[in-house]
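1. Sequence plus the predicted model coming up.
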Amino acid sequence: MFRFTRKAALGALAAAALLPIPALAQTAPAKAVVTAASPDGTLVLTVTTDGSDRPVYSLSRKGKLLIGASKLGFTLTDGLNLVRGFRITGSETASADSTWEQPWGERRFVRDHHNEVLVHFEQNADYAGRKMNVRFRLFDNGFGLRYELPEQPGIKTLKIGDEWTEFDVAQPGTAFWVAGLEWNREEQIYQRTPIDAVATAQTPITMRLEDGTHLAFHEAALVDYSAMYFKRAERQLFRTTLAPSSRGSAVIRDLPFNTPWRTIRIADSAAGLVENDLELNLNEPNKIGDVSWFKPMKYIGIWWGMIRGDWTWAEGPRHGATTERAKQYIDFAAKNGFGGLLVEGWDKGWNGDWFGHGQDFSFTEAVPDFDLKAVAAYAAKNKIQLIGHNETGGNIANYEAQLEPAMKLYQSLGMHSVKTGYVADAGGIIAPGDAPGEVRMEWHEGQRNVQHHMKVVETAAKYQVAIDAHEPVKDTGLRRTYPNWIDREGARGMEYNAWGQFANGPDHEPTLVYTRMLSGPMDFTPGMLSLEGANHVPLASTLAKQLGLYLAIYSPIQMASDFIESLAAHPKELEFIRQVPADWSESHLIAGEVGDYAIFARKDRNSEDWYVGGVNGHAARDVSLAMDFLDAGKTYTATVWKDGEGATYETDARHKIAYATLKVKKGDKLPLWLAPGGGAAIRLHPGK
């Protein structure tokens, strides 16, 4: 399975398409070559050094080159770069095949089956003999690599200017991506372009190659390091580039340390990308212990009124977060089976220009017309979780100074979830400096803010509080290690539909499924049953699509985001929202293509019910859904919410919805018509 050799047959190098054989190769010293394969042999890795003594790797799949010769290394800000003068001094191999359980998630059990090889690199005497190890891990459906910088003489601290991990995509195809390092972070509409038209992208970035192979590039276990972006160098050669820092070096770390994993999901189909736990498997197991105090749930919120402009976060005659309104919303939540209520604008600091400032926010003191203790007690009496809200305006210096007393307060009030926010433009994070009163401006995904988010989630865990982060550092699977990190925003969500006609567009959600959602749960805030934003601007959605979002966009906390009056005005749709779980034992993408549509089958973790549904893009389509996932020998009653005849997101026909009840069993085919911008939702209950 694994092989390390100093004979390094040049013919094998050429066959692996790593490098052309130089003219002097017959007399040049042989290069060491390390090879490894995935458990089923589908993926084959080759690692060596090139003619400039730079570490390089390549990856083939089913005998066909997938990632061509790609270099590895770092540029430093305080010494010679870790890019040239390397030789391979040895390697170590390992394998694993285990199954672990998620406390909550898209599926209950996750299999981790991989082979790995750790390759030891050492620079020559001209570079002081510095050491750099690279661990490669191969799954049948994916690949990861990370750098491991060992303790060594002469180096205490590594100051990284940038990381040069390359990915030379060997075949042409189509890419689905949003730009990285932009002013509004990830909150953009996805582009669909040829691979060689990508500029600098945020990850995950998804590609569909001409031969049908699907790839998704991302990272895993982003801890105490700057986030990576995916930057095209030339043609289809990409390399990492790290989020900037005010300190000049993107990353400053004492040795020894490991970088995050650089990952590639690999599949024959769109479903293979989605049903893939690569990043979770590349994270460490749960570090915080029992999290049974967190219960997946659906919630409502004092939120949409501020997003639309009907209410204000700031104090005044239109203030949204009042004690009276909170109790009204708690009554509705209790009556309709919701588990939580989010309240935004309850605390002091919203007056004035808080966007990108945030120095006036208090996370323990409420405004005069909101009695925090009384509302929390009323919520507890009605068995409703009050969800806290900590908007920082990007000012992490102010937030960190109050973090401990804030989390302690929330625990004392029985609040087990907090939504955090970091509303600021790119490069607008206000971080504490080295001297008292000094501040530094940082990027949302720079090392300093990565450290901050870890501080928040670890502090919250001490007080049994779960974190839902908005304007976050992107998700990299750390919910496995810190399962109180329940979800994040990190993409363009429902709120944009308040601000412009068809603001998100009908293809947005069926693209999110195969891009942003590959990184982890998203607080998208579905359930906008009125289908309109401010000044009655329409959403690019049918009514049925709003229900399908609960199955397409996963989160362990799912919002019904509309006003409670609008939810009450749609009793049949509200019935589905009340029923649909937020925690699953199984999840399967049973129909879909990247950017076009996505239909899931998910099994409730707490019953024998299945739910089927999802979202469609701009083009109407007929689909036939195979009920192969059902248990044999059982008959299920299918309750269906679907697009009505003639429904389309483009006109008032977006409100057309149809209902049906029928019997289905394993092996049946269920025909379904999806409207432009449409969707569907189906509950499958065994028996009558």
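-> Received the coordinates, thanks.

2. can you give me the helices for the stretch 351-500 of the chain?
-> Ranges of helices in the stretch 351-500 of the chain, per DSSP state H, counting those that start in this stretch, are 372-381, 396-412, 447-462.

3. Contacts made by the longest one with the rest, please.
-> The one in question is helix 396-412. 358-359, 361-364, 388, 390, 392, 416, 418, 422, 429-432, 439, 448-449, 452, 455-456, 459-460, 462-465 (C-beta atoms under 8 Å, 6 or more residues apart in numbering). Backbone N, C-alpha and C define where each C-beta goes, glycine included.

4. likewise the first one?
-> When contacts are defined by C-beta under 8 Å, 6+ apart, helix 372-381 is touched by residues 323, 326-327, 330, 341, 343, 346, 366, 385-386, 413-415.

5. Three-state assignment for residue 31, please.
-> Following DSSP: H, G, I helix; E, B strand; the rest coil, residue 31 is assigned to coil.

6. Quick check, it in contact with residue 49.
-> Yes. Shown here, residue 31 and residue 49 form a contact pair, counting by C-beta atoms under 8 Å, at 5.6 Å.

7. Show me the common contact partners of the two, please.
-> residue 88.

8. residue ranges of the strands in the stretch 1-150 of the chain, please?
-> Under the criterion DSSP state E, counting those that start in this stretch, the stretch 1-150 of the chain contains strands at 3-5, 33-37, 43-49, 55-61, 64-71, 74-76, 86-101, 109-123, 131-139, 142-149.

9. ranking these by mean pLDDT, which is last?
-> With a mean of 40, strand 3-5 has the lowest mean pLDDT of the strands of the stretch 1-150 of the chain.

10. Touching, residue 251 and residue 446? I think so.
-> No. Contact criterion C-beta under 8 Å: residue 251 and residue 446 do not qualify, at 9.1 Å.

11. give me the element residue 685 is part of.
-> strand 679-686 (DSSP states H and E).

12. other SSEs contacting that strand?
-> helix 543-552, helix 571-579, strand 610-616, strand 635-643, strand 669-674 (3 or more C-beta pairs under 8 Å, 6 or more residues apart in numbering; DSSP states H and E).

13. Poorly predicted segments of the chain, please.
-> 1-29, 688 (pLDDT under 70).

14. Show me the residue sitting in the middle of it in space.
-> The centroid of the chain falls nearest to residue 519 when counting by C-alpha atoms, centre = their mean (2.8 Å).

15. That one and residue 238: what is the separation?
-> 18 Å (C-beta to C-beta, to the nearest Å).

16. swap in residue 356?
-> From residue 356 over to residue 238 the distance is 31 Å, taken as C-beta to C-beta.

17. ok, now which ones touch residue 75?
-> 81-83, 160-162, 164.

18. Next: residue 220.
-> 144, 260-261, 263, 278-280, 282-283, 476-477.

19. For it, list each beta-bridge partner.
-> Here residue 220 sits in beta bridges with residue 261, as judged by DSSP bridges.

20. I'd say residue 387 and residue 342 touch.
-> Yes. Shown here, residue 387 and residue 342 form a contact pair, counting by C-beta under 8 Å, at 4.2 Å.
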